[in-house]
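when you get a sec, could you give me coordinates for this:
(one chain, ligands or ions: 2)
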Amino acid sequence: MLRNFLRDDDLSPAEQTEILDLADQLKAEPLSSRALEGKSVAAIFEKNSTRTRFSFEVGISQLGGHPVIIDGRSMQLGREETIEDTSRVLSRYLDAIVWRTFAQKRIDAMASAASIPVINALTDEFHPCQVLTDLMTIRERKGKLAGLTLVYLGDGANNMAHSLLLGGTTAGMNVRVVSPEGFQPDQQVMLDAKHRSSETGGSTTVFTDPYAAVEGADVVVTDTWTSMGQENDGLDRVGPFRELQVNAGLMRRAADEAIVLHCLPAHRGWEITDEVIDGPSSAVWDEAENRLHAQKALLVWLLDEKRR
Ligand code: CP
Ligand code: NVA
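Residues are numbered from 1 along each chain as shown. Ligands and ions are numbered 1, 2, ... in the order given. Presented below is the predicted three-dimensional model:
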């Protein structure tokens, strides 16, 4: 059956582990698979990107495939051709579509009309490729995922918070979210994460006090306070967030050997200090590298004949 990766819980816990294992193998031997030989994969961007764009282009090439990288604003999609018509046409040329767009319902519409796998390269609501990578990075550093405590500090209603809730609980982690009043995670996502936790032994908790949340944490994650598209939303995205800054004082509350993740781009001196991002607990550069390996694994898995 045709599979997509539109949100983190599109993968079962066992499937997530299978892809993470494959990602580790591809990291150890980057040119060992030609699974995309003769195949073309489009990566379409309606928002800016550095890591996602480069890692998909390089990854598709390393797998023997042909990457078609396009700024979505230059497509007829940007002149009111419907998402569904675009999807039907692209399905005739390509083997998979990777799309970075705005509302999740746009990528749901793309997938509904596609006859090839669709991968979410970030929407307003979810960033599942990033969180798959984050899980790979945590497992690499800690040797396991289930039972670890991960704390996310920042906008609890953004794509990273939601994906960490779904992806983290799929991996059996205890996910804590600390965000200011008015920036709490979506209620349905919380319910979906709780449902996943009941299968995996993970958990979700929403905190208001950053120090209490970080107490004993194995993994501390932050992200920008202003996501792409929110620049002019009229909300105060600085004042209520200041106490959530990931700095050395906050990190002292975390477990010994705790690691710090940030999907990047970082706003140094705002959500994270130089001292932390450049310090010994930072795993952000491995995290950025792992985008390549995790996405290659995802593509190999989704395009496997078994799933066509
Ligand atoms: N983390 C991430 O998705 O980075 P880009 O926006 O640079 O792709
Ligand atoms: N939450 C951020 C993630 C960037 C990779 C954004 O959507 O801009």
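
now stretch 106-125 - C-alpha only, PDB.
What follows is stretch 106-125, C-alpha atoms only, in PDB (Å, rounded to 0.1, in the frame of the first residue of the first chain):
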ATOM      1  CA  ARG A 106      -2.400  21.700   1.900                       C
ATOM      2  CA  ILE A 107      -0.100  18.700   2.100                       C
ATOM      3  CA  ASP A 108      -3.100  16.500   3.000                       C
ATOM      4  CA  ALA A 109      -4.700  17.700  -0.300                       C
ATOM      5  CA  MET A 110      -1.400  16.900  -2.200                       C
ATOM      6  CA  ALA A 111      -1.300  13.400  -0.800                       C
ATOM      7  CA  SER A 112      -5.000  12.800  -1.400                       C
ATOM      8  CA  ALA A 113      -4.600  13.200  -5.200                       C
ATOM      9  CA  ALA A 114      -1.200  11.700  -5.500                       C
ATOM     10  CA  SER A 115      -0.400   8.200  -6.700                       C
ATOM     11  CA  ILE A 116       3.200   8.400  -5.300                       C
ATOM     12  CA  PRO A 117       4.500   9.000  -1.700                       C
ATOM     13  CA  VAL A 118       4.300  12.500  -0.300                       C
ATOM     14  CA  ILE A 119       6.800  13.600   2.300                       C
ATOM     15  CA  ASN A 120       6.200  16.600   4.600                       C
ATOM     16  CA  ALA A 121       9.400  18.800   4.600                       C
ATOM     17  CA  LEU A 122       7.700  21.200   7.100                       C
ATOM     18  CA  THR A 123       4.300  22.600   7.500                       C
ATOM     19  CA  ASP A 124       2.900  25.100  10.000                       C
ATOM     20  CA  GLU A 125       1.800  22.100  12.100                       C
END
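
now find how far off-centre it is within its chain.
Computed by Cα atoms, centre = their mean, to the nearest Å, the chain-centroid distance of stretch 106-125 equals 15 Å.

could you number the chain from 23 rather than 1 from now on?
OK, 23 is where the count begins now, so the last one is stretch 128-147.

mind listing what's buried in that stretch?
128-133, 135-136, 138-147 (16 or more other Cβ atoms under 10 Å). From N, CA and C alone the C-beta is placed, and that goes for glycine too.

which of these are close to ligand 2?
Leu144 (Cβ under 6 Å from any ligand atom).

taking the stretch 73-222 of the chain, what residue is nearest to ligand 1?
Ligand 1 sits closest to Thr74 of the stretch 73-222 of the chain, with a gap of 3.2 Å, by Cβ to the nearest ligand atom.

just confirm Ser77 is within a helix.
Yes: applying DSSP: H, G, I helix; E, B strand; the rest coil, one finds Ser77 inside a helix.
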